[in-house]
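**Student:** Give me a 3D structure for the following:
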Amino acid sequence: MSLRKSKLDLLVRVRYSNPLPAPPCPPKLLNIPTNSLRYARPQFLNAIANDTALPMIVDAECGMPLDLGRWECLWEEDGDDASLNPDPDNPPPLDPKDRFLLGDPSASAVPYTNGTIPIASGSSTPLPPHVPWLRKTEYLSREGVQRTPSSQEPKQQLQAIDVSHEAQLRTIEAGFAACASLDLATLSHPNKIGVTAVESYEVLPDAEIWANAYDLFRFSERPGERPVDTEDPRLDCAILRPMESDGDHFLAYYLTKDDADALEFKEERLTPKGGEENKATAFHFVRDYETVKIEQEVPNEFLLVLDNGETGKRGPGAFYKNIERKMTLKKKRMNASDTYADKWQVVHISHVAMSNDEVEERNEALAEVVDPLYLFSRDAEGEVDADGEVDIGGGIGIGADGEEEEGGGIMAEIF
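**Tutor:** Model (predicted):
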């Protein structure tokens, strides 16, 4: 007859385990040479001491007996409760031993010790005021160093700033005067010692690209199928097409098949040919990307072009263009069950002449930086509201089929 091993053996063994370790040394009655490294340290018994419950005999009143018979007001209906509820205006005398409890610990430079009032000394270290008791020591020392000099510095009073129209004109004129008399040798680099300025440029809006809307896209990793250490000229002319699938909006990413096609496409963009004989460039689908973060306002990032005037089209200067939006993209997980409304595997791009409506819209956008009387002309047409905000374009965009769409087009509807 075979014996079946019960699973209770393991439970009993765990429940009634013996936490006492084996003796580290041999018995004393035997004369066996013992290595001194085998002896246990005093910390070896800490685990045994922590597992041993300390005998504590506590009565029902937890060592603090409370005799309610001393107060007659608790038992008599019209008893005097002045002993339990003293008058706040006439408090009872305080015991001298408890007087230190009413003091402010932050007002004293010396900590309280064993319930006694501290005595100030010259070698004591002041404590930071209003310190919670659950704080780490490194935070306390850091705050003490930071607060000590700040408490000694006098507070500077804010000076009144003149914001009148005449004061603003004086400030603008002073800025032009400072630029005219600027000495480049006095301008030094903030981080590099000994580096000074050699040439200055005027900062002006870039009228050549001001009519275009630019968005900044940041990828979680390098797009395309090539390694990071391999140069890819196709990334400069990639295409992002808005897509929709089951209510989810994302972007389809397209690249040219060869480097030669990308270089030829970029050359045609620099020197476009007239007419409609331009060669169409094929962009092939790579993968889909979904947006992680969208910033609708980018006030601190611009497109900056430094032109020394060698081209002859315009004088030297630093020309800027603001960025409309900034987006962070990551790869979209491919799902076979996704249903696309209109997915294109290949997109053919060619340059065509702008229509009259597009030219008019471009001229209106350029007037913001080209026409000095732009704001006055808009005010005359009644398109400036009471707050002084200018409504450019009226919230109407041009769709893919040439019809007008409200809300700024497809990209505005998606994001």
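**Student:** Name the nearest residue to residue 224, sequence neighbours excluded.
**Tutor:** With Cβ to Cβ, 6 or more residues apart in numbering as the criterion, residue 224 has its nearest non-adjacent residue at 5.5 Å, and that residue is residue 232. Backbone N, C-alpha and C define where each C-beta goes, glycine included.
**Student:** Looks like residue 317 contacts residue 307 (just checking).
**Tutor:** Yes: counting by Cβ atoms under 8 Å, a contact exists between residue 317 and residue 307, whose distance comes to 6.1 Å.
**Student:** re earlier: for the residue nearest to residue 224, what are its contacts?
**Tutor:** Residues in contact with residue 232 (Cβ atoms under 8 Å, 6 or more residues apart in numbering) are 224, 226, 259.
**Student:** which SS class is the second one?
**Tutor:** Meaning residue 226. At residue 226, secondary structure determined by DSSP: H, G, I helix; E, B strand; the rest coil is coil.
**Student:** Check which residues of stretch 309-320 are buried.
**Tutor:** Of the residues in stretch 309-320, 317, 319 count as buried by neighbour count, 16 or more other Cβ atoms under 10 Å.
**Student:** Give me the average confidence score over stretch 93-107.
**Tutor:** Confidence over stretch 93-107 (mean pLDDT, whole number) is 81.
**Student:** how about the helices in this structure?
**Tutor:** For the chain, helices defined by DSSP state H occupy the ranges 8-15, 46-51, 137-152, 165-180, 259-270, 356-370, 374-380, 410-414.
**Student:** Can you spell out which helices and strands pack onto the fifth one?
**Tutor:** Spelled out, it's helix 259-270. The criterion is 3 or more Cβ pairs under 8 Å, 6 or more residues apart in numbering; DSSP states H and E, and the helices and strands that helix 259-270 contacts are strand 248-256, strand 281-295.
**Student:** What pairs with the first one, parallel or antiparallel?
**Tutor:** Here strand 248-256 is paired, per DSSP bridges, with strand 239-245 (antiparallel), strand 281-295 (antiparallel).
**Student:** closest one to residue 161 among those?
**Tutor:** strand 281-295 (31.0 Å; Cβ to Cβ).
**Student:** By neighbour count, which bits of the closest one are buried? Give me those.
**Tutor:** Neighbour-count burial for strand 281-295, with 16+ other Cβ under 10 Å as criterion, is recorded at 281, 283, 285-286, 288-289, 291.
**Student:** what's the burial count for residue 217?
**Tutor:** Residue 217 is flanked by 16 other residues according to other Cβ atoms under 10 Å.
**Student:** How confident is the prediction for it, by pLDDT?
**Tutor:** In the predicted model, residue 217 carries a pLDDT score of 91.
**Student:** which one is it nearest to, not counting chain neighbours?
**Tutor:** Using Cβ to Cβ, 6+ apart and skipping the chain neighbours, the partner closest in space to residue 217 is residue 327 (5.4 Å).
**Student:** Report pLDDT for the one you found.
**Tutor:** The predicted structure scores residue 327 at 90 on the pLDDT scale.
**Student:** Kindly report the same for residue 173.
**Tutor:** Looking at residue 173, its pLDDT stands at 92.
**Student:** now what about stretch 24-41, what contacts it?
**Tutor:** Applying Cβ under 8 Å, 6+ apart, the set of residues contacting stretch 24-41 from outside is residue 44.
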